[in-house]
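# Got a sequence here, can you model it:
(one chain, ligands or ions: 1)
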Amino acid sequence: MEITTEIKTLATEAGFGASGYVLIDNLKFHQSVRDICAGNTCRNYGSSWACPPAIGTVAECMARVKQYGKMLLLSQAFEIEDSFDFDGMIEGMHEFKKTMDRFHLKINSILSDYLLLSNEGCGRCAVCTYPNEPCRSPQLLHHSLEGYGFIVSELAKEAGIRYNNGNNTVTYFGALLFNA
Ligand code: SF4
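Here you go, the predicted structure:
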(Lines give C-alpha, C1' and ligand atoms only; values in the text may rest on other atoms or scores of the structure.)
Protein backbone atom coordinates (compact mmCIF):
# COMPACT_ATOMS: atom_id res chain seq x y z
CA MET A 1 0.00 0.00 0.00
CA GLU A 2 1.31 3.49 -0.83
CA ILE A 3 2.24 5.57 2.20
CA THR A 4 -0.34 8.26 1.31
CA THR A 5 -3.11 5.64 1.27
CA GLU A 6 -1.80 3.97 4.43
CA ILE A 7 -1.88 7.30 6.29
CA LYS A 8 -5.45 7.98 5.20
CA THR A 9 -6.41 4.53 6.48
CA LEU A 10 -4.75 5.30 9.82
CA ALA A 11 -6.70 8.57 9.98
CA THR A 12 -9.97 6.68 9.55
CA GLU A 13 -8.93 4.11 12.18
CA ALA A 14 -8.10 6.93 14.63
CA GLY A 15 -11.63 8.32 14.23
CA PHE A 16 -11.48 11.07 11.61
CA GLY A 17 -14.60 11.10 9.47
CA ALA A 18 -12.88 12.65 6.45
CA SER A 19 -9.42 13.40 5.15
CA GLY A 20 -7.93 14.70 1.94
CA TYR A 21 -4.57 15.76 0.54
CA VAL A 22 -3.80 19.40 -0.18
CA LEU A 23 -1.02 20.40 -2.57
CA ILE A 24 1.65 22.31 -0.64
CA ASP A 25 2.07 24.73 -3.58
CA ASN A 26 -1.64 25.65 -3.30
CA LEU A 27 -1.47 26.64 0.37
CA LYS A 28 -2.31 30.25 1.23
CA PHE A 29 -1.11 31.85 4.46
CA HIS A 30 -3.20 34.83 5.52
CA GLN A 31 -1.91 37.53 7.83
CA SER A 32 -5.57 38.56 8.25
CA VAL A 33 -6.28 35.26 10.07
CA ARG A 34 -3.37 35.93 12.42
CA ASP A 35 -4.80 39.40 13.02
CA ILE A 36 -8.06 37.75 14.11
CA CYS A 37 -6.04 35.53 16.49
CA ALA A 38 -4.49 38.67 17.98
CA GLY A 39 -8.01 39.92 18.73
CA ASN A 40 -8.12 36.97 21.17
CA THR A 41 -11.82 36.17 20.94
CA CYS A 42 -10.85 32.50 21.47
CA ARG A 43 -8.76 33.47 24.53
CA ASN A 44 -5.86 31.27 23.38
CA TYR A 45 -3.68 34.08 22.00
CA GLY A 46 -0.59 34.56 24.15
CA SER A 47 -1.63 31.82 26.56
CA SER A 48 -0.27 28.60 25.06
CA TRP A 49 2.79 27.17 23.33
CA ALA A 50 0.39 25.93 20.61
CA CYS A 51 -0.83 29.37 19.55
CA PRO A 52 0.50 32.74 18.42
CA PRO A 53 2.76 34.44 19.21
CA ALA A 54 4.61 31.35 20.54
CA ILE A 55 4.41 29.53 17.18
CA GLY A 56 6.22 32.38 15.36
CA THR A 57 5.17 34.81 12.67
CA VAL A 58 3.04 33.76 9.70
CA ALA A 59 6.21 33.83 7.57
CA GLU A 60 7.94 31.50 10.03
CA CYS A 61 4.93 29.16 10.05
CA MET A 62 4.95 29.15 6.24
CA ALA A 63 8.65 28.29 6.18
CA ARG A 64 8.03 25.46 8.68
CA VAL A 65 5.18 24.05 6.57
CA LYS A 66 7.16 24.27 3.34
CA GLN A 67 9.78 21.89 4.73
CA TYR A 68 7.22 19.16 4.06
CA GLY A 69 6.17 17.61 0.80
CA LYS A 70 2.67 16.45 1.69
CA MET A 71 -0.29 17.72 3.70
CA LEU A 72 -3.29 15.67 4.75
CA LEU A 73 -6.27 17.65 6.06
CA LEU A 74 -8.27 15.79 8.72
CA SER A 75 -11.78 16.41 10.05
CA GLN A 76 -14.25 15.00 12.52
CA ALA A 77 -17.88 16.09 12.90
CA PHE A 78 -19.91 15.97 16.11
CA GLU A 79 -23.65 16.31 16.70
CA ILE A 80 -24.80 19.11 18.97
CA GLU A 81 -28.30 20.04 20.19
CA ASP A 82 -28.36 23.41 18.42
CA SER A 83 -26.10 26.33 17.52
CA PHE A 84 -26.14 27.50 21.18
CA ASP A 85 -24.97 24.15 22.55
CA PHE A 86 -21.58 25.36 23.75
CA ASP A 87 -21.16 22.42 26.14
CA GLY A 88 -21.66 20.09 23.18
CA MET A 89 -19.07 22.01 21.16
CA ILE A 90 -16.53 21.80 23.98
CA GLU A 91 -17.24 18.08 24.44
CA GLY A 92 -16.69 17.60 20.69
CA MET A 93 -13.43 19.52 20.88
CA HIS A 94 -12.20 17.25 23.68
CA GLU A 95 -13.12 14.17 21.64
CA PHE A 96 -11.37 15.65 18.60
CA LYS A 97 -8.18 16.16 20.62
CA LYS A 98 -8.34 12.48 21.67
CA THR A 99 -8.64 11.52 17.99
CA MET A 100 -5.58 13.66 17.22
CA ASP A 101 -3.64 11.85 19.95
CA ARG A 102 -4.69 8.39 18.66
CA PHE A 103 -3.62 9.41 15.15
CA HIS A 104 -0.33 10.79 16.49
CA LEU A 105 0.49 7.42 18.08
CA LYS A 106 -0.34 5.60 14.85
CA ILE A 107 1.71 7.77 12.49
CA ASN A 108 4.64 7.87 14.89
CA SER A 109 5.27 4.23 14.11
CA ILE A 110 5.62 4.82 10.35
CA LEU A 111 6.85 8.45 10.01
CA SER A 112 9.86 10.18 11.48
CA ASP A 113 9.61 13.58 9.79
CA TYR A 114 6.21 15.20 10.36
CA LEU A 115 4.26 18.05 11.93
CA LEU A 116 0.72 17.84 13.32
CA LEU A 117 -1.57 20.86 13.48
CA SER A 118 -4.85 20.88 15.36
CA ASN A 119 -7.98 22.98 15.75
CA GLU A 120 -7.43 25.99 18.01
CA GLY A 121 -5.26 25.78 21.14
CA CYS A 122 -3.78 22.95 23.14
CA GLY A 123 -5.69 22.47 26.40
CA ARG A 124 -3.74 19.39 27.43
CA CYS A 125 -2.84 20.83 30.85
CA ALA A 126 -5.19 22.50 33.31
CA VAL A 127 -2.83 25.50 33.28
CA CYS A 128 -0.34 26.00 30.44
CA THR A 129 3.25 26.78 31.38
CA TYR A 130 3.43 29.53 28.72
CA PRO A 131 5.46 31.74 28.81
CA ASN A 132 7.45 31.10 31.97
CA GLU A 133 8.42 27.43 31.60
CA PRO A 134 8.88 25.10 28.60
CA CYS A 135 5.91 23.06 27.39
CA ARG A 136 5.34 20.00 29.59
CA SER A 137 4.69 17.73 26.59
CA PRO A 138 6.60 19.10 23.58
CA GLN A 139 6.48 15.70 21.86
CA LEU A 140 2.67 15.92 21.91
CA LEU A 141 2.38 19.61 21.11
CA HIS A 142 0.07 20.25 18.15
CA HIS A 143 0.24 23.84 16.89
CA SER A 144 -2.97 25.65 16.05
CA LEU A 145 -4.06 25.15 12.42
CA GLU A 146 -5.69 28.59 12.32
CA GLY A 147 -2.68 30.19 13.97
CA TYR A 148 -0.60 29.35 10.89
CA GLY A 149 -2.77 31.76 8.91
CA PHE A 150 -4.93 29.17 7.18
CA ILE A 151 -8.57 29.77 6.27
CA VAL A 152 -9.90 26.33 7.09
CA SER A 153 -12.77 26.51 4.59
CA GLU A 154 -10.17 27.12 1.84
CA LEU A 155 -8.20 24.08 2.99
CA ALA A 156 -11.35 21.93 3.05
CA LYS A 157 -12.14 22.95 -0.53
CA GLU A 158 -8.60 22.12 -1.66
CA ALA A 159 -8.78 18.76 0.15
CA GLY A 160 -12.20 17.91 -1.31
CA ILE A 161 -13.83 17.42 2.09
CA ARG A 162 -16.82 19.16 3.67
CA TYR A 163 -16.23 22.26 5.79
CA ASN A 164 -19.73 22.14 7.23
CA ASN A 165 -21.56 18.90 7.96
CA GLY A 166 -25.05 20.37 8.29
CA ASN A 167 -27.38 21.73 10.93
CA ASN A 168 -26.70 20.84 14.55
CA THR A 169 -23.19 19.65 13.93
CA VAL A 170 -19.77 21.08 14.62
CA THR A 171 -16.71 20.03 12.59
CA TYR A 172 -13.13 20.28 13.79
CA PHE A 173 -10.02 20.13 11.64
CA GLY A 174 -6.39 19.16 11.92
CA ALA A 175 -3.55 18.52 9.50
CA LEU A 176 -0.58 16.26 9.07
CA LEU A 177 2.47 17.56 7.19
CA PHE A 178 5.07 14.94 6.37
CA ASN A 179 7.92 13.79 4.25
CA ALA A 180 7.62 10.18 3.25
S1 SF4 B 1 1.01 20.52 26.65
FE2 SF4 B 1 0.52 21.79 28.45
S3 SF4 B 1 2.31 23.16 28.63
FE4 SF4 B 1 2.35 22.35 26.54
S5 SF4 B 1 1.22 23.86 25.28
FE6 SF4 B 1 -0.25 22.29 25.96
S7 SF4 B 1 -1.20 23.14 27.80
FE8 SF4 B 1 0.75 24.27 27.45
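
# interface residues of this structure facing the ligand?
With Cβ under 6 Å from any ligand atom as the criterion, the chain comes near the ligand at residues 48-50, 122, 124-125, 128-130, 135-137, 141. Backbone N, C-alpha and C define where each C-beta goes, glycine included.

# and the gap between V65 and K28?
11 Å (Cβ to Cβ, to the nearest Å).

# Compare these two (neighbour count), which wins?
V65 (19 against 12; other Cβ atoms under 10 Å).

# hey, what's M71 bridged with?
Beta-bridge partners recorded for M71 (DSSP bridges): V22, L177.

# Check it and give its pLDDT.
In the prediction, the pLDDT value recorded for M71 is 98.

# what separates it from G92, distance-wise?
The gap separating M71 from G92 is 23 Å, by Cβ to Cβ.

# H142 against F173, yeah?
No. Contact criterion Cβ atoms under 8 Å: H142 and F173 do not qualify, at 11.7 Å.

# Those two: which has the busier surroundings?
F173 (25 against 20).

# same for the helix or strand containing the more buried one, what does it pack against?
F173 belongs to strand 169-178 when elements are defined using DSSP states H and E. Applying 3 or more Cβ pairs under 8 Å, 6 or more residues apart in numbering; DSSP states H and E, one finds that strand 169-178 contacts helix 3-14, strand 70-79, helix 86-108, strand 114-118, helix 152-159.
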